[in-house]
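Colleague: starting from these lines, generate the structure:
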Amino acid sequence: MRVIVTGSIATDHLMSFPGRFADQLLPDQLDKVSLSFLVDDLDIRRGGVAANISFGMAVLGLRPVLLGSVGGDFDEYRSWLERHGVDCSFVHVSELRHTARFLCTTDADQNQIASFYTGAMAEAREIELDPIVRQLGGVDLVVIGPNDPEAMVRHTDECRDRGFAFVADPSQQLSGIEPDQIRRLVDGAAYLFCNSYERALLEQKTGWSGDDVLGRVRVRVTTMGADGALVEQVGKQQIVVPVPQEERRADPTGVGDAFRAGFLTAVEWGLGHERAAQVGSMLATYVIETVGTQEYELRGEEFVRRFETAYGADAAHEVKSHFGKE
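Modeller: This next block holds a predicted model:
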């Protein structure tokens, strides 16, 4: 049995402008801005929520199936993911569009001017899950991450219709999709992931209370930044897991994706939800210590050592058996 991870696959193009945008903008000419900025550097990073989650699950020893839509420029990225254990066999390749791109320029004051090109991501709505599940011989979970909104709804509806257990992770798309769409994405989910802000936004847009949401999903998981992670389930005591101590703080981009990867991997290992949230928090710490969402290296022995420091010897013993010999 396998885990299918659907959602965005993209590259990030990050540039730095040594000056200040404010110095280049004329207040009386803002209706006809025409500017270009000479930047110091260009940093191209692999990204996209589905790709980040899949990468994290793969480095923990699973072989997740990545499912999304890309352009013909995906070859190098595909090679990277496959080399790290991600199954890219079913990724849809567009004949017309490039892989999605995030282009961002940051000035000396940390102000940003950015654009997101959705590109081939729009074709994800054409992907049917059932033929893929049949080829795989079944599926444990389908993760439905931020993607083309129509693709997210289609995949969720198909999971409900065919009885596939699914994970609702609307995250960045919550602000742009309609309340009825959000309800369709959440209702019946085995797991619902949000951060604290997204949790409140989801309830505000749907009109559901926290209890209403809990009544519609099996498990609700909320990441709370430095305050850790909260796991809720009807009829059971809340679980609050603190974050491990990071060795350094480099870049928070992709931390939430890593948490999901670690949590869902631990669920596949057969561990309980407290342990799953701990594994997710530990993997997220690796990401925050690294620039780039897929640039961290994970060694089982070191991971278990740090895990024991954070959560104790009994917790580490449970996790240790799931790492192969190095």
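Colleague: is P146 in contact with G176, as I believe?
Modeller: No: look at P146 against G176 with Cβ atoms under 8 Å: they stay out of range, at 9.7 Å. To be clear about C-beta, it is placed using only N, CA and C from the backbone, and glycine gets the same treatment.
Colleague: which one of the two is surrounded by more residues?
Modeller: P146 (22 against 10; other Cβ atoms under 10 Å).
Colleague: for that one, helix, strand, or coil?
Modeller: coil (DSSP: H, G, I helix; E, B strand; the rest coil).
Colleague: so who does it touch?
Modeller: G7, S8, V49, M152, D169, P170, S171, Q172, Q173 (Cβ atoms under 8 Å, 6 or more residues apart in numbering).
Colleague: so which of these sits lowest on pLDDT?
Modeller: On pLDDT alone, Q172 ranks lowest of the contacts of P146, at 84.
Colleague: tell me how far the residue nearest to it when sequence neighbours are not counted lies from R260.
Modeller: Residue nearest to Q172 in three dimensions, not counting chain neighbours: P146, with 4.7 Å by Cβ to Cβ, 6 or more residues apart in numbering. Distance, P146 to R260, by Cβ to Cβ, to the nearest Å: 11 Å.
Colleague: where do the strands sit along the stretch 101-250 of the chain?
Modeller: Per DSSP state E, counting those that start in this stretch, the stretch 101-250 of the chain carries strands over the ranges 112-117, 141-144, 166-168, 191-195, 219-223, 229-232, 239-241.
Colleague: for those strands, give me TSV that also has mean pLDDT and mean neighbour count.
Modeller: Putting the strands of the stretch 101-250 of the chain into TSV (pLDDT from 0 to 100; neighbours: other Cβ atoms under 10 Å) gives the following:
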stretch	mean pLDDT	mean neighbour count
strand 112-117	83	14
strand 141-144	98	25
strand 166-168	98	26
strand 191-195	97	23
strand 219-223	97	23
strand 229-232	98	21
strand 239-241	97	20
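Colleague: list residues touching both of P146 and R260?
Modeller: Counting by Cβ under 8 Å, 6+ apart, the contacts common to P146 and R260 are D169.
Colleague: now the contacts of P146 as TSV including distance to E123 and neighbour count?
Modeller: Shown next, in TSV, are those (distance: Cβ to Cβ, whole Å; neighbours: other Cβ atoms under 10 Å):
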residue	distance to E123	neighbour count
G7	14	32
S8	12	26
V49	17	27
M152	14	26
D169	20	31
P170	20	28
S171	21	21
Q172	19	16
Q173	17	21
